[in-house]
Structures are given as C-alpha cells and as structure tokens.
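Q: sequence first, predicted model second:
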Amino acid sequence: MKFPDKGRTWSKVEADLDAFRLSDVASSPTNRLMTAIHMGDDSIHEICQRAYNKYFHSNAVLAELEPGLGRMQEEVLGWTVDLLNGNSTDSEGRANMTSGGSESIFCAVHAAREWAKANLPSAKPPYRIVMPKTGHAAFDKAAHYQGLEIVRVPVGSDLRADVAALEAAVTRDTIMLVGSAPCWGFGLMDAIPEIGAVAERHGLWLHVDCCVGGFLLPFLERLGHDIAPFDFRVPAVCSISADLHKHGYAAKPASTVSYRSQELQDYHYVGVAIDDWQSGMYKTHGVVGSRPGSSVAAAWAVMSVLGEDGYLDLTRRALAVKTRLVAGIEAVEDFRVLANESLLVPFRSETLDMLNVFGGLVERGYFPWGTFEPIYVHPSAEPVDDVVIDSFLGDLGEVGAGVRAGTITAQALATYIAH
Ligand SMILES: Cc1ncc(COP(=O)(O)O)c(C=O)c1O
C-alpha cells in the first residue's frame, strides 16, 4: 500500500463510503437481528445521531473541566449506579465511563489487582482470576496485559457456571472471581448470589460482567421476569461492567465500570493518576486518554429521552420480537432455541450440520454470528418491524430445507471467513 499522493473530491470519497457500507454485511438492514449493533428503534437511532453530532469534536478527557459535558457524564454514571442498586445502606456506588466492555473489564481487573496487593498479602503474583468458561475473552486480554492468569472452569451441562467447580479452582493466589449476567453467546446468567458466597468464604473480589445485562436485566425485573439478584444487592459484588452501547441503546463507544464504594473505586486510580508530569495532574476515567464527548452526549440524551418507561417499552417490544422468533425458528426443521434470560435467541439442530446452516444464512446476506462449543446460531431480538422478522424466518426456512436436501453447504461461510 502506498499513501495516496493526491486527494480526491468528497463526492468520490462519499461514493466509496456508500459502496463500502453496502458491502458490509453487518451494517445491512437485513442484519438487524443477526448482529449486536443494538440501535433500539428508528427514533432512538435519530436522537443518538443528533446528540452525537452536537458534541462531535468534543473531547471527554476534559469532562471534569467542562460544566456541560461533566454534568452529563455524572448523570449517566449516577443513573447507572442507581439501576445497578448501588445506592443503599451497604453500598455507595461510584462509576467510571469507558469505551466499551473490554475497557470496563480491563479497569476492574486492574482495580482488583491493586486491591489484592493491599488486602490479600498471602496471594503472590501472578495473581489468578477464576471464571466460568463462558466468561468473555476480554478477561483474558486484561489478564495478559496486566500479568495475571485466567483459570477458566468448565460450565455445567446447563452451560451456566458450575459454582462448586469454581470454588474448587480457588487457590492461594486467586484474587478475583467472575460471573456473567448474562454471558455473551448463550445469554445465560450465572448464579451471582452463589458465586458471591464463594467470594465471601475466600475473601475475593467479585466482578459481575453485566455488559449485556446492565441495561436489560433491571427492566426485565421490573416487567416481572424471574431474575436472580445480579448486582450490588449481592453483598460480595465489588464491581460491575455494564455497556451503554448494548441494551442502553447508546452510540459506541460507551460503557461503564461501577464499584461498590468510593473506597473500591480508589483502587481504579492506583498508579494511573499521574501527578509527576509537566502538564499537571493527569487522571482519566479509564485506560484511554482522549475519547469522544459525543458518546457521553448520546448516552445522556438516549437515557434522558427514554427514562424508565421508555426502556420498559423498548424491552417489552424486543421481548415480543423474541417470542415471535422463538416460535418461528422452532417451526423450522428440528431447530430448538436455548431458553435464556437475555434477548439472544440461540438455536441449533440435532440433525442438520450447523456449519451448513451458517453457510446458508451467509449466502442470504446474514452475518454469521454464533458459538462453536456447542454450536449455535444466535440472532438477537431488537424492536424491529414484522417485515424484518418475516424475512429472517423465511430465509431460515429455505436454509433448513436446503441443508436437509444437501443443496446448501458451508462454502459461503468458509469464503466469508477467508476474505
Ligand atoms: C458479556 C460481555 N462482556 C464483555 C464484552 C466486551 O464488550 P466490548 O465489545 O464493548 O468491548 C461483550 C461484548 O459483546 C460481552 O457480551
């Protein structure tokens, strides 16, 4: 590649952008159910864009110095802590804003490590994080960067954390336990109260990965769904990651990491609040320095416009889509949906080769989103129009029949992955 020696007109560049976008499977409207883009509905999408544009060039590294941006960030974080039940007699939660689940997890791992140095003298580096196999890969990254070891423990036959096995994996150098609420891929919740009891018995930091659930589970609960406690109501929970850019329906990049108390949040800053520098005190919310004020503004605007009743309405509508998807998918071939606590609709067949099913969906323009162990395809319910659901189910019907007849293979999937 060679850097372009001459610039081109915006109209030519724009035409290229439009063509690129058309070629990107994930951004096509067909894929509203197949990728984790989480736009909410059209009106929320528009509000997000408008708010984002108003703060387009703003830099949230300065949020604390800017009255407007600072206030929006404080409110987004305060509202998040409130939703996660971080304001109670035994919890006075504090939160930081980050660019995404991975950064929130990175920060929680860092805080736990610094806490362990001060509070777990018998644990020796490399410290260990014990988590179910289904925990997100972002923990492996965070651990690698920060010199910790991950111990992944096989899940039970229900694909949820095997709590007894987690406890058995705890050793002298374990400092942190992780549970997902829910995990990515299957949408299943780990039993946070039971994992909390293990954390208490061994004096460990418990992080709950609520990247998917943070702005979904509180509303499912309010709608009467039977959700076991997953947040600061569980006394052992020290930190929670919750993504605004997932079911908060905010613009990317936007996530939060919350701590049970100011005291625990202080560990977030150990070693990374720099005061020995020619430019003065440098204390950022997370790992990154400059970051878009626009995503703070978009998150604030979406939360302000929706409020609790707006989120309840969106959640209700997405659940209705999920119900239609489950019925429609289970009416095709022998597909069965894995029941779960999220808006994911993971399905598989016991008789069809699922790689061929992926291939057929890719051929029809869908993004191949799913899991390998065990193999599932997982659409995610969004508040979309019936026509989107009908067209997905129609395509899936064709795919099922084609795979059974042997006319659809995994070739399209292989080609997609190889490109
Ligand atoms: C449960 C869970 N944790 C963490 C992450 C990582 O989040 P991000 O992609 O925003 O960094 C994801 C992303 O899908 C997730 O589902």
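A: Perfect, I can see it now.
Q: nearest residue to the residue in the chain positioned nearest to the ligand in space, please, no chain neighbours.
A: Nearest to the ligand, among the residues of the chain, is Gly101, at 2.3 Å (C-beta to the nearest ligand atom). All C-beta atoms are positioned from the backbone trio N, CA, C, and that covers glycine. Of all residues not flanking Gly101 in the chain, Cys211 sits nearest, at 3.6 Å (C-beta to C-beta, 6 or more residues apart in numbering).
Q: go on, Lys322?
A: Ala381 (3.7 Å).
Q: quick one on the thing from earlier: who's in contact with the residue of the chain closest to the ligand?
A: His136, Ala138, Asp209, Cys211, Ser241, Asp243, Lys246, Ser255 (C-beta atoms under 8 Å, 6 or more residues apart in numbering).
Q: the residue nearest to Gly101 touches His247, doesn't it?
A: No. The criterion here is C-beta atoms under 8 Å, and Cys211 misses it with His247 at 9.6 Å.
Q: all strands of the stretch 1-150 of the chain, in order?
A: Taking DSSP state E, counting those that start in this stretch, the strands of the stretch 1-150 of the chain run over residues 87-88, 91-92, 94-98, 128-132, 149-153.
Q: wait, what's in contact with the nearest residue to Gly248 once chain neighbours are set aside?
A: Spatial nearest neighbour of Gly248, excluding adjacent residues (C-beta to C-beta, 6+ apart): Phe215 at 3.9 Å. For Phe215, the contacting residues are Leu83, Ala242, Asp243, Leu244, Lys246, His247, Gly248, Tyr249, Tyr311, by C-beta under 8 Å, 6+ apart.
Q: keep only those of the residues you listed that are in strands.
A: With strands taken from DSSP state E, the overlap with the contacts of Phe215 comprises Ala242, Asp243.
Q: dump the contacts of Phe215 into TSV; add pLDDT as well.
A: Listed next are the contacts of Phe215 as TSV, based on pLDDT from 0 to 100:
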residue	pLDDT
Leu83	98
Ala242	98
Asp243	98
Leu244	98
Lys246	96
His247	97
Gly248	97
Tyr249	97
Tyr311	98
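Q: so where is this protein shaky, pLDDT-wise?
A: Counting by pLDDT under 70, the chain shows no low-confidence range.
Q: and the spatially most central residue of it, how far from Asp162?
A: Nearest residue to the geometric centre of the chain (C-alpha atoms, centre = their mean): Cys211, 3.5 Å. When distance is defined by C-beta to C-beta, to the nearest Å, Cys211 is 22 Å away from Asp162.
Q: please apply the same query to Val208.
A: 17 Å.
Q: more neighbours: which of these two?
A: Per other C-beta atoms under 10 Å, whichever of Val208 and Asp162 has more neighbours is Val208, with 31 against 20.
Q: my guess is that one is in a strand, correct?
A: Yes. Val208: assigned to a strand according to DSSP: H, G, I helix; E, B strand; the rest coil.
Q: dump the residue contacts of it.
A: Contacts of Val208 were listed using C-beta under 8 Å, 6+ apart, and they are Val178, Gly179, Ser180, Ala181, Ile192, Phe230, Asp231, Val234, Val237, Ser239, Ile240, Ser241.
Q: and which of these is nearest His45?
A: Ser241 (24.2 Å; C-beta to C-beta).
Q: how far away is the closest residue to the closest one other than its chain neighbours from Asp231?
A: Among residues not flanking Ser241 along the chain, Ser104 sits closest, at 3.6 Å (C-beta to C-beta, 6+ apart). Applying C-beta to C-beta, the value for Ser104 to Asp231 is 14 Å.
Q: who has more neighbours out of the two?
A: Neighbour count, other C-beta under 10 Å: between Ser104 and Asp231, Ser104 has more, with 32 against 27.
Q: does the more buried one touch His207 like I think?
A: No. Between Ser104 and His207 there is no contact under C-beta under 8 Å: 9.5 Å.
Q: any common contacting residues for those two?
A: Both Ser104 and His207 are contacted by Ser241, under the criterion C-beta under 8 Å, 6+ apart.
Q: and the stretch 51-200 of the chain, which residues reach the ligand?
A: Residues of the stretch 51-200 of the chain lying close to the ligand (C-beta under 6 Å from any ligand atom) are Gly100, Gly101, Ser102, His136, Ala138, Ser180, Cys183, Trp184.
Q: of the residues you listed, which is the most crowded?
A: Ser180 leads these on contacts (other C-beta under 10 Å) with 31 neighbours.
Q: how many neighbours does the closest residue to that residue other than its chain neighbours have?
A: For Ser180, ignoring the flanking residues on the chain, the nearest one in space by C-beta to C-beta, 6+ apart is Asp209 at 4.6 Å. Here the number of neighbours of Asp209 (other C-beta under 10 Å) works out to 30.
Q: report the contact partners of Asp209.
A: Gly101, Ile105, Gly135, His136, Phe139, Val178, Gly179, Ser180, Ala181, Cys183, Ile240, Ser241.
Q: any chance of a markdown table for those, columns distance to Arg71?
A: As requested, the contacts of Asp209 are exported to a markdown table (distance: C-beta to C-beta, whole Å):
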| residue | distance to Arg71 |
| --- | --- |
| Gly101 | 25 |
| Ile105 | 27 |
| Gly135 | 35 |
| His136 | 31 |
| Phe139 | 33 |
| Val178 | 33 |
| Gly179 | 33 |
| Ser180 | 32 |
| Ala181 | 29 |
| Cys183 | 34 |
| Ile240 | 23 |
| Ser241 | 24 |
